[in-house]
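1. Fold the following for me, if possible:
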Amino acid sequence: MVTTGAPPVPDAPVRGTGPWLRFLAGFVVLWAVLQGVAALGPGARGGVVVLAVVLVVGLVVERVLSGTGPRRALRALGFGRPAPRAVLLAAAVSGLVVLVFPLAAALGLGPITLRADWPWLLVGAFALHGLAEELVWRGYTFRRLRAGRSFPHAAAWTMPLVAATHLPILVTSGLAVGLGAMAVAAVTSVPFAYLFETGRGTLWAPALVHTAIDSFKLVELPVTSLAAFSLLLVGVSLLVPLLALAVPRRVLGA
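-> Numbers count the residues shown, from 1 in each chain. The predicted model follows:
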């Protein structure tokens, strides 16, 4: 799903009551659809269905808000040809993130075993957490807030919106895990936005790192180790993606 079509029309800055209301309406619609359809499950089929539905809704939102046709909207939402160096950087950061598993084993939190259907779970995780969620957070939210703003300001505006959408985890997984998920979502808004932007406004680089953070869904751990592993994963997810910011834009060709 890569397009090299005509570049997207520059977004109008989100300033003033009207533009903000339209932007937030699009955000709420996309998040609600993502949240609702994600209940289909974590498998490959469920993840791909979620991505397809969110993408279609995203194209409709772009049409309503900007009058953008499908081809340009697809590119605007992040499905273009990425910058290879940004993808390589994301792959390296992802490799460091998944070192959480041998680290957890070394700390006595094992045994950690791959689920029998882990290849399909990986496909589903990349489609759902990597592409569908990044479409909402970076392809729509950050991209539109970036218009007329500096990178730090756009990333800062994105943080509370992304963190707020993780509030349901407080209910489903408890206070510690919920707050950890919100913190990770807020902090990674900066390196993920950096990878999105240096990747020529595409989802592929941040999607790799996002999938790596959610790769815990591919493994089985002892019940007695879940709480400790969750805290360890939060720590790794907060710190490791920030390493992407250490690589200057000029090195990435951005």
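2. mind listing the helices for the stretch 101-250 of the chain?
-> 118-125, 133-134, 143-146, 151-164, 168-173, 175-187, 189-198, 204-213, 226-239, 249-252 (DSSP state H, counting those that start in this stretch).
3. Of all those, which one is nearest A92?
-> helix 204-213 (9.7 Å; C-beta to C-beta). The way it works is simple: take the backbone N, C-alpha and C, and place the C-beta from them, glycine included.
4. so how far is that closest one from its chain's centroid?
-> 7 Å (C-alpha atoms, centre = their mean, to the nearest Å).
5. on that earlier part again, among the helices of the stretch 101-250 of the chain, which comes closest to V53?
-> helix 133-134 (12.9 Å).
6. Does anything pack onto that closest one? Which helices or strands?
-> With contacts taken as 3 or more C-beta pairs under 8 Å, 6 or more residues apart in numbering; DSSP states H and E, helix 133-134 sits against helix 204-213.
7. Outside of the helix it packs on itself, list whatever touches it.
-> Contact with helix 204-213 is made by 78, 82-83, 86-87, 89-91, 93-95, 97-98, 122, 125-126, 129-131, 133-134, 138, 184, 188, 191-193, 195-196, 198-199, 233, 237, 241, 244, as judged by C-beta atoms under 8 Å, 6 or more residues apart in numbering.
8. Buried only: go through these for me.
-> 78, 82-83, 86-87, 89-90, 93-94, 97-98, 122, 125-126, 129-131, 133-134, 138, 184, 188, 191-193, 195-196, 198-199, 233, 237, 241, 244 (16 or more other C-beta atoms under 10 Å).
9. Output the below-cut-off pLDDT ranges for this structure.
-> 1-9, 41-44, 254 (pLDDT under 70).
10. Geometric centre of it: which residue is closest?
-> Residue closest to the average C-alpha location in the chain (C-alpha atoms, centre = their mean): E134, at 3.5 Å.
11. check contacts around that one.
-> Contacts of E134 by C-beta under 8 Å, 6+ apart are G78, F192, F196, L203, P206, A207, H210.
12. For the last one, the count of nearby residues, please.
-> Same thing as H210. 29 (other C-beta atoms under 10 Å).
13. go on, the fourth one?
-> Summarising burial for L203: neighbours were counted as other C-beta under 10 Å, giving 27.
14. can you tell me how far it sits from L135?
-> As judged by C-beta to C-beta, to the nearest Å, L203 and L135 stand 6 Å apart.
15. Which residues are in contact with each of those two?
-> In contact with both L203 and L135: L77, G78, using C-beta under 8 Å, 6+ apart.
16. got the contact list for stretch 25-35?
-> Residues contacting stretch 25-35 (C-beta under 8 Å, 6+ apart): 50, 53-54, 57-58, 61, 64-65, 132-133, 135-136, 140-141, 144, 161, 165, 168.
17. repeat that for 10 Å
-> 50-51, 53-54, 56-58, 60-62, 64-66, 77, 128, 132-133, 135-137, 139-141, 144-145, 161-162, 164-165, 168 (C-beta atoms under 10 Å, 6 or more residues apart in numbering).
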